[in-house]
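S.K.: turn this into a model:
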Amino acid sequence: KVTDLENLIKLYREESITTYTELIMGLPGETYDSFLDGTDELLRVGQHDALNVYHCTVLPNSEMANPEYVEEHGLEIVRQPVHLHHSSPFTDEIVEYNDITIGTKTLPREDWKRTYLFSWAVQSMHSLCLTQYVAIFFHYEFGISYRTFYESFVEFAKNSKHTLLNEQFDFVSKLVDKTMAGGSWDVVIPKFGEIVWPTEEATFLNVICEKEQFYGEIRQFVGQLINKHNLDVETSLLEDIMTYQQNMIPDPFSNKTFTIDLDYNLHDYFLNAYIGDHLPITTGDHTLTVTAEQAFDGDLEEFATQVVWYGRKGGRFRHMNVTDRSRDEVTVG
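M.R.: Modelled structure (predicted):
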């Protein structure tokens with residue numbers, strides 16, 4: 001039950017034990033709305049760091065492969081080369097294939113693609129922590145659902161021409177079109193090594209080296225979100241949120257130890273949010289000292305291997321060793 005899951009996630013997080021949740025996209029009976037609402041519910045109960053979405057594979061001799069079942073549920077199935085995450089680029093003459101659903105009676109192929117793009121946004125931006133703090137803030141303070149936040153993000157990335165986000169969106173959108181016609185999902189980014197990356201990890205790697213530009217565009221997205229929902233957010237608080245968000249994400253170029261100066265108690269605020277407690281935001285002088293697990297000195301391959309590949313289920317997408325020196329706090333509002 002969701003309430004049991006929420007309590008377990010809170011318990012494990014209090015004990016610094018990593019959890020992860022896996023979803024299958026494209027199951028018979030699922031709809032665009034039901035999948036997005038289910039994802040929203042998982043984020044709401046605290047599954048922030050490790051949400052993994054997989055395709056629905058039609059296995060030989062399974063009930064789902066039965067022609068009568070296929071007809072009953074209107075399954076649209078395509079044969080694709082097997083996508084082996086973190087493998088070397090495929091060179092074998094013998095290609096292995098999977099049959100996956102790319103549409104059902106309740107999830108037509110257009111909705112399947114929309115669902116995939118939403119899951120890409122949630123995994124790359126939230127689960128890999130690029131916008132996780134921002135989304136949590138807007139959810140806790142203004143009731144903006146995670147579904148609304150990331151649907152809005154997808155639209156922003158789609159429509160913001162000539163931007164880094166639009167470039168990433170277009171790449172993924174075209175990749176989905178190719179795979180729906182039977183093409184391969186494999187993405188290789190040579191500067192990060194000869195490794196096959198899933199789309200959300202490829203997006204993370206592509207934007208992490210352009211951190212200033214990326215967060216400049218996220219500021220634009222947040223501004224649109226605030227205007228659309230007529231939200232009242234203090235400019236100084238919003239700037240601190242963005243500063244905290246940008247600096248709490250490991251990158252290949254940061255020093256082993258560095259400091260962040262803030263005017264609000266954001267570190268304690270988010271630590272409490274992760275265990276389901278809503279701590280009031282207060283003002284005060286805060287100096288955070290961040291010590292990274294490892295400094296990469298610009299070594300992109302090592303960063304990609306240690307943080308993205310090995311760290312996907314280990315919570316390495318945000319700095320965990322942080323101390324806060326603060327004084328003179330007062331409650332906001």
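
S.K.: the stretch 1-150 of the chain: helices as residue ranges?
M.R.: 2-14, 32-44, 67-73, 109-121, 132-142, 146-159 (DSSP state H, counting those that start in this stretch).

S.K.: list the contacts of the second one.
M.R.: Contacting residues not belonging to helix 32-44 are listed as 2, 5, 21, 23, 25, 51, 107, 111, 114-115, 118-119, 122, 126, 135, 139, 145-147, 151 [Cβ atoms under 8 Å, 6 or more residues apart in numbering]. Any C-beta I mention is one placed from the backbone N, CA and C, and that applies to glycine too.

S.K.: and that helix, which residues are buried?
M.R.: Across helix 32-44, burial judged by 16 or more other Cβ atoms under 10 Å covers 32, 35-36, 39-44.

S.K.: what's the answer for the fifth one, then?
M.R.: By neighbour count, and taking 16+ other Cβ under 10 Å as the criterion, the buried residues in helix 132-142 are 132-141.

S.K.: farthest-apart pair in the residues you listed, please.
M.R.: Q132 and E141 (14.9 Å; Cβ to Cβ).

S.K.: residues in contact with the helix or strand harbouring F171?
M.R.: For F171, the host element (DSSP states H and E) is helix 164-180. Identification of contacts with helix 164-180 by Cβ under 8 Å, 6+ apart yields 78, 80, 102, 109, 112-113, 116-117, 120, 154, 156-160, 184-185, 187, 199, 203, 206-207, 210, 213-214, 217, 221.

S.K.: can I get stretch 226-242 as PDB, trimmed to CA atoms?
M.R.: Output in PDB follows, covering the C-alpha atoms of stretch 226-242 (Å, rounded to 0.1, in the frame of the first residue of the first chain):
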ATOM      1  CA  ILE A 226       5.600  31.100 -11.200                       C
ATOM      2  CA  ASN A 227       3.800  33.400 -13.600                       C
ATOM      3  CA  LYS A 228       1.400  30.600 -14.900                       C
ATOM      4  CA  HIS A 229       0.300  29.700 -11.400                       C
ATOM      5  CA  ASN A 230       0.400  33.300 -10.000                       C
ATOM      6  CA  LEU A 231       2.800  32.300  -7.200                       C
ATOM      7  CA  ASP A 232       4.300  34.800  -4.700                       C
ATOM      8  CA  VAL A 233       7.900  33.900  -4.200                       C
ATOM      9  CA  GLU A 234      10.500  36.200  -2.600                       C
ATOM     10  CA  THR A 235      13.200  36.900  -5.200                       C
ATOM     11  CA  SER A 236      16.000  36.400  -2.600                       C
ATOM     12  CA  LEU A 237      14.500  33.000  -1.500                       C
ATOM     13  CA  LEU A 238      14.200  31.800  -5.100                       C
ATOM     14  CA  GLU A 239      17.800  32.800  -5.800                       C
ATOM     15  CA  ASP A 240      18.900  30.800  -2.800                       C
ATOM     16  CA  ILE A 241      16.900  27.800  -3.900                       C
ATOM     17  CA  MET A 242      18.600  27.900  -7.300                       C
END
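
S.K.: buried sites along it?
M.R.: 226, 233, 237-238, 240-242.

S.K.: farthest-apart pair in these, please.
M.R.: Largest pairwise distance in those, by Cβ to Cβ, is 15.1 Å, between I226 and D240.

S.K.: how long is stretch 306-315 from one end to the other?
M.R.: The stretch stretch 306-315 measures 11 Å between its terminal residues, going by Cα to Cα, to the nearest Å.

S.K.: ok, and the closest non-adjacent residue to G46?
M.R.: I9 (4.3 Å; Cβ to Cβ, 6 or more residues apart in numbering).
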